[in-house]
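In: fold the following.
(chains A, B, C and D)
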Protein chains: 4
Amino acid sequence: MKIGKATLPETAICTYDEETIVVRGANLCDELIGKLGFVDYFHFLVTGRKPDAIASRVLDATLVAIAEHGLVPSVQASRMTLAAAPDAIQGAVAAGILGCGSVILGASETAGRLFLRVDATAREHALSLEAAAEVIVRELREQKQAIPGYGHPQHKARDPRVARLFAVAEEAGAPMHFVRIAEAVESVLPELTGRDLRLNVSAAIPAVLLDVGFPADALKGVPILARCAGLIGHLTEELAHPIGFALSYQAAREQRYTGALPPGFTPKTAV
Amino acid sequence: MKIGKATLPETAICTYDEETIVVRGANLCDELIGKLGFVDYFHFLVTGRKPDAIASRVLDATLVAIAEHGLVPSVQASRMTLAAAPDAIQGAVAAGILGCGSVILGASETAGRLFLRVDATAREHALSLEAAAEVIVRELREQKQAIPGYGHPQHKARDPRVARLFAVAEEAGAPMHFVRIAEAVESVLPELTGRDLRLNVSAAIPAVLLDVGFPADALKGVPILARCAGLIGHLTEELAHPIGFALSYQAAREQRYTGALPPGFTPKTAV
Amino acid sequence: MKIGKATLPETAICTYDEETIVVRGANLCDELIGKLGFVDYFHFLVTGRKPDAIASRVLDATLVAIAEHGLVPSVQASRMTLAAAPDAIQGAVAAGILGCGSVILGASETAGRLFLRVDATAREHALSLEAAAEVIVRELREQKQAIPGYGHPQHKARDPRVARLFAVAEEAGAPMHFVRIAEAVESVLPELTGRDLRLNVSAAIPAVLLDVGFPADALKGVPILARCAGLIGHLTEELAHPIGFALSYQAAREQRYTGALPPGFTPKTAV
Amino acid sequence: MKIGKATLPETAICTYDEETIVVRGANLCDELIGKLGFVDYFHFLVTGRKPDAIASRVLDATLVAIAEHGLVPSVQASRMTLAAAPDAIQGAVAAGILGCGSVILGASETAGRLFLRVDATAREHALSLEAAAEVIVRELREQKQAIPGYGHPQHKARDPRVARLFAVAEEAGAPMHFVRIAEAVESVLPELTGRDLRLNVSAAIPAVLLDVGFPADALKGVPILARCAGLIGHLTEELAHPIGFALSYQAAREQRYTGALPPGFTPKTAV
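Out: A predicted model of the protein is given here:
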């Protein structure tokens, strides 16, 4: 590895001296604490810009929408981890956040990238949003890729959070362009996939956030921050009313062992 | 393990059916998204109660105060992790959160428990806060335990966030009882420890939060949630301007190997 | 922070130049790869010493003993995490390792420290091991601390791994001093705790390892390394035969919601 | 989610009753502890088969080869995490394992998949290994994908571990087919990439492991298990001789802040 300028770490986020902490060009104590709300501060940290009133309201609503949905797998993993390691709440939060992957909460980012492709295709080829959505969904289908952000195991009809997020965005005065793209994709899915897959919250979040200028690269951070809040709620409950081991007991009590058994061995007690 | 009521997991946080998601007794879509801010929702998730205006303002300020302080160890660990595993941003966030331990951000909780002990001792023995602080600090010293939340390597004088958080709490109308306890502890430290250790942000946070009724068991969640926001800011920067490997290069370039060497081996290049 | 010698990182584990990698004073390629087995290398990395034949055999047996015990909570957490984030197997391993805490696998370390206290007490006061065990167990009971490494939810009689590990140690020629201490503790528990708690694998492991000179500070590393192997087995199965979501479904399907409900809301479908 | 067979978790790895633990069809206590070495047990857990002598020797050598290479980024992240959260060694191990991603240790798996493609192409089109390597490398180049497992920042000539692993495999009697594929890829790289990229350890590992029948899906587990051992070595050193904060100090001390500054602010002390 060469020694030189390229190996000097640079950051534009924070610097400080003994008396002053500077974040994104602002004095943390004089200009931010108690003056900028935490959600706006999150936007400021991530983008370097304070959100306008529309972006602030929409970002806040997405964080509330995705923070909590009961004993989902990542919450279970987190509560089981706290039960086993109660002294290290940060480990239990980390275990829960590790479940924010491509299949679950990561769809916020991949759906956002899908909408950007539809948008670019519509512009480039002067297509309607529906026509562009059809082009892109066909491409994904040909490459045998999933369509992220549509369908929900618990909410067969449209996930109720979708309409609410769209209403909040509209009331706030968001342009609703990417919302229309998200709906255009939804409209072409039955014919192209043979399944009536409806928008879920993981597609609604990038739709409303791209409309207010939130960067695509930071989309995955929104469900992660939101779930962090949800996890802390669950772990506080776990400390007072532990269910981590009960969850684990339930999870495994009807398990089937499909492997070989030693000669003559019959389990004497059901596992 | 017995099968029975004790092994049925119970939670008071969330339930749902196909059309409705209920969180802490409220309809998520009708009553919370777009109506309750994310910080207040965090309070609601953790405590089951919506904060009053004072608690809301104070909690928000603490989250802003502790979210970001530059390239601290947990941020470095997180950015190095993203450099090595760029596809898994959730893993990099988790690595950063794992550094929110007893030595660093965990002091928020342990300082909070210290203040509660001072408070209980003052009430029980009808002592002044200073006298009670002296009793408890002496006890900690005798047990060779550290005093959490005092002293800061970068801010020798009082951490500037302390005064600002206290001002926000006072402006908001907080009772300032635990703030006085935090200051009482600060006042007895020079004599009892021989060092002029000043309040740092990790003591200011529990002081102002206990004053607005935030539960001690959830105190550690505040710096974790805040740092999660800071980490997402850093990881978004890392994706655009990577420094993870540069940080690692700098960290190790002056390392000293203190172990044995094989006979005849002289490193040909400095490591 | 001062700049100086104290801030220069030192390590005695590894150095290298372009052609040679030195680990603990040995040439990795010439002396270790293909010459020292992985278990002995683990001992070498941790202690700086290659194990003798007795220590090698005992350490190897402990790693095999604790690597796998079915769908325990940390395995469930790990498999759920892979189901949600299948691209990041390292994240699923990490989630599983985060469950190696004080309540579960961490007992190997705390039981080891208990045995060292019994040993020190016996020496200092010229007591029999049983008498020293009684002194220490009484102390733990008075401080309302748990006795780590005794009792097992699935193995009410002695955990079968205990006798096997003790037999391996004896056959290998280990001194069996700490094994006798572990049994001395077991013998005093019925009277002092009122419960017939038998040695479990987490007490057997430190007993046999302390007997072969394995350092107490590294005891917790043994179950962590062992479980890492077990987790990789489970995650390889998960990739081929996924059960992560099935585990989560089972875990939550009999959950009880104990919180409030919005007026007029009756869940239309069972969760 | 439907209730039924599909939601019952199945596993072929482990079952047990009160007296017996069965792993992969064998009685853990009677047949495995003290009889099967840990490395062979890892193979057994992952594949369901005990390795033959050749596979055992090769797998063991790969684990030794990749366990330790000094203060690499994941080790730094792990030691910083322990410094901040010293009570939770499992958290520090997890943080280190989270750095086993696509860019660093994950190359073992992706290089393995590359070799399998070369093998399949050679068979399908009756090509020499060199010709097949050329076809596949060209494809990767056209898709702008990296060639995993070639080139090393510290070892410009061939990583010394490569020749050693190949020698161990040959001595053990491995077929050396995938080793030849790995070398065929190496031979075409200068012409196709314009760079003299040599085999590194992350390509040598899958080459020798595929030759002994180790499954491609489990390749990533080998560096993860190996590094777990290395991390435990470093964390044991960290507990005795802490350098986590020194590493962090060094990493950041030459940082450049490239963001804006508040009007009139000049940092009074260098950061």
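
In: skipping its backbone neighbours, what lies nearest the one residue in the stretch 151-271 of chain A that gets nearest to chain D in space?
Out: Closest approach between the stretch 151-271 of chain A and chain D, counting by CB to the nearest CB: residue A:260, at 3.0 Å. To be clear about C-beta, it is placed using only N, CA and C from the backbone, and glycine gets the same treatment. Leaving out its chain neighbours, the residue that sits closest to residue A:260 by CB to CB, 6 or more residues apart in numbering or on different chains is residue D:25, at 3.0 Å.

In: next, count neighbours for that neighbour.
Out: Burial of residue D:25 is recorded as 17 neighbouring residues (other CB atoms under 10 Å in any protein chain shown).

In: and stretch A:120-132, how far out from the chain middle?
Out: Put simply, stretch A:120-132 sits 27 Å off its chain's centre (CA atoms, centre = their mean, to the nearest Å).

In: which other residues reach that stretch?
Out: Residues outside stretch A:120-132 that contact it (CB atoms under 8 Å, 6 or more residues apart in numbering or on different chains): A:118-119, A:135-136, A:180-181, A:184, A:187-188.

In: any stretches of chain A with poor pLDDT?
Out: Residues of chain A meeting the criterion pLDDT under 70: A:1-6, A:267-271.

In: follow-up on the earlier one: drop anything exposed from the contacts of stretch A:120-132.
Out: By neighbour count, with 16 or more other CB atoms under 10 Å in any protein chain shown, the contacts of stretch A:120-132 hold A:118-119, A:135-136, A:180-181, A:184, A:188 as buried.

In: and the furthest pair within the residues you listed?
Out: A:135 and A:180 (16.0 Å; CB to CB).

In: got the contact list for the residue nearest to the spatial centre of chain A?
Out: In chain A, the residue lying closest to the centroid (CA atoms, centre = their mean) is residue A:223, at 2.8 Å. Contacts here follow CB under 8 Å, 6+ apart; on that basis residue A:223 touches A:66, A:100, A:105-106, A:108, A:202, A:205.

In: ranges for the helices of the stretch 51-200 of chain A?
Out: For the stretch 51-200 of chain A, applying DSSP state H, counting those that start in this stretch gives helices covering A:53-66, A:73-84, A:89-97, A:107-124, A:129-142, A:160-172, A:177-193.

In: winner for burial among the ones you listed?
Out: Highest mean neighbour count among the helices of the stretch 51-200 of chain A (mean count of other CB atoms under 10 Å in any protein chain shown): helix A:89-97, with a mean of 33.

In: what angle sits between that helix and helix B:89-97?
Out: Angle, helix A:89-97 to helix B:89-97, by axes from the mean of the first three to the mean of the last three CA atoms, to 10 degrees: 180 degrees.

In: tell me how far helix A:89-97 lies from the chain's centre.
Out: Worked out by CA atoms, centre = their mean, helix A:89-97 lies 16 Å from the chain centre.

In: that helix near chain D anywhere?
Out: Yes - Helix A:89-97 lies within reach of chain D by CB under 8 Å from any CB of the partner chain, at A:90-91, A:94.

In: of those, closest to chain C?
Out: Nearest to chain C among the residues of helix A:89-97 next to chain D, with distances taken as CB to the nearest CB, is residue A:91, at 4.3 Å.

In: thinking again about what came up before, okay if I get the contacts of stretch A:120-132 as a markdown table plus distance to chain D?
Out: Shown next, in a markdown table, are the contacts of stretch A:120-132 (distance: CB to the nearest CB, whole Å):
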| residue | distance to chain D |
| --- | --- |
| A:118 | 23 |
| A:119 | 23 |
| A:135 | 21 |
| A:136 | 20 |
| A:180 | 32 |
| A:181 | 27 |
| A:184 | 29 |
| A:187 | 27 |
| A:188 | 27 |
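
In: what parts of the stretch 51-200 of chain A come near chain B?
Out: A:57, A:60-61, A:63-65, A:67-71, A:88-91, A:93-95, A:97-101, A:106, A:154-157, A:160-161, A:163-165, A:167-168, A:171.

In: kindly recompute the last result at 6 Å.
Out: A:60-61, A:63-65, A:68, A:70, A:89-90, A:93-94, A:97-98, A:100, A:155, A:160, A:164, A:168 (CB under 6 Å from any CB of the partner chain).

In: how near is residue A:39 to residue B:171?
Out: Taking CB to CB, to the nearest Å as the measure, residue A:39 falls 20 Å from residue B:171.

In: do the same with residue A:198
Out: Relative to residue B:171, residue A:198 is positioned 47 Å away (CB to CB).

In: likewise residue A:118?
Out: For residue A:118, the distance to residue B:171 - CB to CB - is 48 Å.

In: from what I can see the residue nearest to residue A:260 touches residue A:263, true?
Out: No - checked against CB atoms under 6 Å, the pair residue D:25 and residue A:263 is beyond contact range at 9.7 Å.

In: show me what contacts the nearest residue to residue A:42 once chain neighbours are set aside?
Out: Distances taken as CB to CB, 6+ apart place residue B:229 nearest to residue A:42, at 4.4 Å, with adjacent residues excluded. Neighbour list for residue B:229: A:42, A:225, B:67 [criterion: CB atoms under 6 Å, 6 or more residues apart in numbering or on different chains].

In: angle of the helix or strand harbouring residue B:229 against helix B:107-125?
Out: Per DSSP states H and E, residue B:229 falls inside helix B:221-240. Computed by the same axes, to 10 degrees, the angle separating helix B:221-240 from helix B:107-125 equals 170 degrees.

In: and the next helix or strand past helix B:221-240?
Out: helix B:244-252.

In: and chain C, is that following helix touching that?
Out: No - Helix B:244-252 lies apart from chain C when judged by CB under 6 Å from any CB; the minimum separation is 6.8 Å.

In: next secondary structure element downstream of that helix?
Out: From helix B:244-252, the next helix or strand downstream (DSSP H and E) is strand B:256-257.

In: who are the packing partners of that following strand?
Out: If you count contacts as 3 or more CB pairs under 6 Å, 6 or more residues apart in numbering or on different chains; DSSP states H and E, strand B:256-257 packs onto no helix or strand.
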